[in-house]
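Colleague: model the following, please.
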Amino acid sequence: MHERIRHAGLAERLMSAEQAAELIQPGMTVAMSGFTGAGYPKAVPQALAGRMEKAAAAGSPFRIKVLTGASTAPELDGALAKVEGMELRLPYQSDPNVRERINAGTLNYIDIHLSHVAQHTWFGFFGDINVAVVEATGILEDGRLVPSSSVGNNKTWLDLADKVIVEVNRWQPEALDGMHDIYYGTALPPDRKPIQMTAPDERIGEPYLRVDPAKVIAVVETDAPDRNSPFSPPDEASRQIAAHLMDFFAHEIKRGRLTDRLLPLQSGVGNIANAVLLGLADAGYQGLAAYTEVIQDGMLELLKNGTLRMASATSFSLSPAGIEEFNANVDFYSKRILLRPQEISNHPEIIRRLGCIAMNGMIEADIYGNVNSTHIAGSRIMNGIGGSGDFARNGYLSVFMSPSIAKGGKISGIVPMASHVDHTEHDTMVIVT
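Modeller: Numbers count the residues shown, from 1 in each chain. You can find the predicted model right below:
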């Protein structure tokens, strides 16, 4: 394992997850890596949850504020939520234990556009970042980090955190080295400059994450897989939605508003999104590009059969079967996938310049075109807005998809007035059921 930790000084800071967790204190703001169940720290959060459980049993509640890239997994969100270890969580989550506590009012939650998280942190809106806990594939001789299966907000966490804990995960394939494009040209207003990207496959950054070695207080070795549940196979409703969308694309091509190369694709996750991706292959499209947030199973298939020539994202979101496929053919995929910070993958300026086709799921839409992506019955959070707003408002086309009914026909996905509005009628162009 030590061959992945090539910086002599950081190799001397090797310690157990339990020892590293001792360096995090109650009340701290802790920024952690991770985006949709990929690239999150596995060992330190669980060790920290153990500390929290013991503290609570002794009558001394131990809670922290937690910032991430997006949702994580049971080893992080689930472990900390079960022991009531979080007082604040942002920007997106999908864990049932976290959701239960948010809706019960015992966990404060900031649901925020994913493109806003890094800049709002730089603005100081969330206070100081006391500790960053970031997973890496390896550490180079000069202390830079080889990113793992997600980038998310890691650049910002490493730049702004007072102290850094690095988990070096042997499970992450070394072939990830070189798949990342970390942009260091952002600045605060009034000193911002245009981001010089004009194509999804254009590199504008560097392959590694910078970190001041003096800030790294612990290095922890792990060998643990990313956790993503298998996706449900596309059902009949998903296939029908995909077919309707393919008909729509064909119509737009016929009218001259699209070409047979379409435009860079952004797609949410889940069985509908995978059905749409498979529909693109069935329709005979070739040489397409994706500029999106996550690489999911369907995109691997499209890369393999040539439907997609490349995909730019900030993270993987693969099922266990998808992970197995990626690891078995990592040399092939590493030449066709770029992973970027989410402030770039979700950046409104770039999304608008590239003319992305945004395809996202929804909970409900009303007859005016308002879309609810986040709340059940208007008051109970499901997951969060994620990056759908970044793409819907700025894309060339804004598509929302959902079955028209749920719960065996007891609930309609199309309603007179949406019980909660995340995307107004002005940001919604196409609804497919």
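
Colleague: quick check: the gap between Ala289 and Val430.
Modeller: Distance from Ala289 to Val430, counting by CB to CB, to the nearest Å: 20 Å. The way it works is simple: take the backbone N, C-alpha and C, and place the C-beta from them, glycine included.

Colleague: so for those two, which residue has more residues nearby?
Modeller: The neighbour count for Ala289 versus Val430, taken as other CB atoms under 10 Å, is higher for Ala289 (20 against 17).

Colleague: I'd assumed that one was in a helix, is it?
Modeller: No - going by DSSP: H, G, I helix; E, B strand; the rest coil, the assignment for Ala289 is strand, not a helix.

Colleague: you'd agree it is up against Met310?
Modeller: Yes - at 5.5 Å, Ala289 counts as touching Met310 under the criterion of CB atoms under 8 Å.

Colleague: dump the residue contacts of the residue nearest to Ile411 when sequence neighbours are not counted.
Modeller: Once flanking residues are discounted, Ile411 sits nearest to Ile405: 6.6 Å by CB to CB, 6 or more residues apart in numbering. Contacts here follow CB atoms under 8 Å, 6 or more residues apart in numbering; on that basis Ile405 touches Ile411, Ser412, Gly413.

Colleague: quick one, phi psi at the closest residue to the second one other than its chain neighbours?
Modeller: The shortest distance from Ser412 to any residue that is not its chain neighbour, by CB to CB, 6+ apart, is 5.9 Å, and that residue is Ile405. Phi and psi for Ile405, reported as degrees, to the nearest 10, are phi -140, psi 160.

Colleague: so how far is Val371 from Ile405?
Modeller: 17 Å.

Colleague: please save the CA atoms from the longest strand along the chain in CSV.
Modeller: Assignment by DSSP state E gives strand 131-139 as the longest strand of the chain. Presented in CSV, the C-alpha positions along strand 131-139 are these (Å, rounded to 0.1, in the frame of the first residue of the first chain):
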residue,chain,number,x,y,z
VAL,A,131,-11.2,20.0,8.6
ALA,A,132,-11.4,18.4,5.1
VAL,A,133,-11.6,14.6,4.9
VAL,A,134,-10.9,13.6,1.3
GLU,A,135,-10.4,10.2,-0.4
ALA,A,136,-7.6,9.9,-2.9
THR,A,137,-6.2,7.2,-5.2
GLY,A,138,-2.7,8.1,-4.3
ILE,A,139,-0.3,10.8,-3.1
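
Colleague: can you give the distance of it from its chain's centre?
Modeller: Counting by CA atoms, centre = their mean, to the nearest Å, strand 131-139 is centred 16 Å from the centre of its parent chain.

Colleague: which strands or helices does that strand pack on?
Modeller: Using 3 or more CB pairs under 8 Å, 6 or more residues apart in numbering; DSSP states H and E, the elements in contact with strand 131-139 are strand 29-32, strand 145-147, helix 154-160, strand 163-169.

Colleague: who does the first one pair up with?
Modeller: Each strand that strand 29-32 pairs with, and the sense of that pairing, follows from DSSP bridges: strand 64-67 (parallel), strand 131-139 (parallel).

Colleague: and those: which comes nearest Ile217?
Modeller: strand 131-139 (8.0 Å; CB to CB).

Colleague: by how many degrees do the closest one and strand 163-169 diverge?
Modeller: Strand 131-139 and strand 163-169 meet at an angle of 40 degrees, taking axes from the mean of the first three to the mean of the last three CA atoms, to 10 degrees as the criterion.

Colleague: quick one: average confidence on strand 131-139?
Modeller: Taken as a whole, strand 131-139 has an average pLDDT of 98.

Colleague: what do you get for stretch 196-206?
Modeller: On average, stretch 196-206 scores 97.

Colleague: can you check stretch 259-276 too?
Modeller: 91.

Colleague: ditto for stretch 325-340
Modeller: Per-residue pLDDT over stretch 325-340 has a mean of 94.

Colleague: between the two ends of that stretch, how far is it?
Modeller: Chord length of stretch 325-340, first to last residue, is 22 Å (CA to CA, to the nearest Å).

Colleague: got the contact list for it?
Modeller: Residues contacting stretch 325-340 (CB under 8 Å, 6+ apart): 147, 149-151, 173, 175-176, 178-183, 200-201, 203, 205, 295, 297, 300, 303-304, 308-316, 318.

Colleague: check stretch 408-428 too.
Modeller: Counting by CB under 8 Å, 6+ apart, residues outside stretch 408-428 touching it are 362-375, 377-379, 385, 388-389, 392-393, 398, 400, 402-406, 431, 433.

Colleague: go again using 6 Å as the cut-off
Modeller: Under the criterion CB atoms under 6 Å, 6 or more residues apart in numbering, residues 364-366, 368-375, 377-378, 385, 392-393, 398, 402, 404-405 lie in contact with stretch 408-428.

Colleague: what of stretch 68-85?
Modeller: Taking CB under 6 Å, 6+ apart as the rule, stretch 68-85 contacts 32, 34-37, 40, 42, 45-46, 49, 52-53, 63, 86, 92-95, 97-98, 101, 152-153, 227, 342.

Colleague: show me what counts as buried in the longest helix that the chain contains.
Modeller: Ordering each helix of the chain by length in residues (DSSP state H) puts helix 236-254 first. For helix 236-254, the neighbour count (16 or more other CB atoms under 10 Å) marks Ala237, Ser238, Arg239, Gln240, Ile241, Ala242, Ala243, Leu245, Met246, Phe249, Glu252 as buried.

Colleague: same thing with stretch 202-212?
Modeller: Neighbour-count burial for stretch 202-212 [16+ other CB under 10 Å]: Ile204, Gly205, Pro207, Tyr208, Leu209, Val211.

Colleague: as a markdown table, the buried residues of helix 236-254 with distance to His120 would be great.
Modeller: Output for the buried residues of helix 236-254, formatted as a markdown table (distance: CB to CB, whole Å):
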| residue | distance to His120 |
| --- | --- |
| Ala237 | 37 |
| Ser238 | 35 |
| Arg239 | 39 |
| Gln240 | 39 |
| Ile241 | 34 |
| Ala242 | 36 |
| Ala243 | 40 |
| Leu245 | 33 |
| Met246 | 38 |
| Phe249 | 35 |
| Glu252 | 36 |
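
Colleague: now, which of these sits nearest Val219?
Modeller: Using CB to CB, the buried residues of helix 236-254 come closest to Val219 at Ser238, 43.5 Å.

Colleague: can you list the domains in this structure?
Modeller: Domains of the chain are assigned by the TED database as 8-222, 236-431.

Colleague: these into CSV, with extra columns for distance to His2?
Modeller: Compiled in CSV, these are given as follows (distance: least, CB to CB, whole Å):
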stretch, distance to His2
domain 8-222, 6
domain 236-431, 22
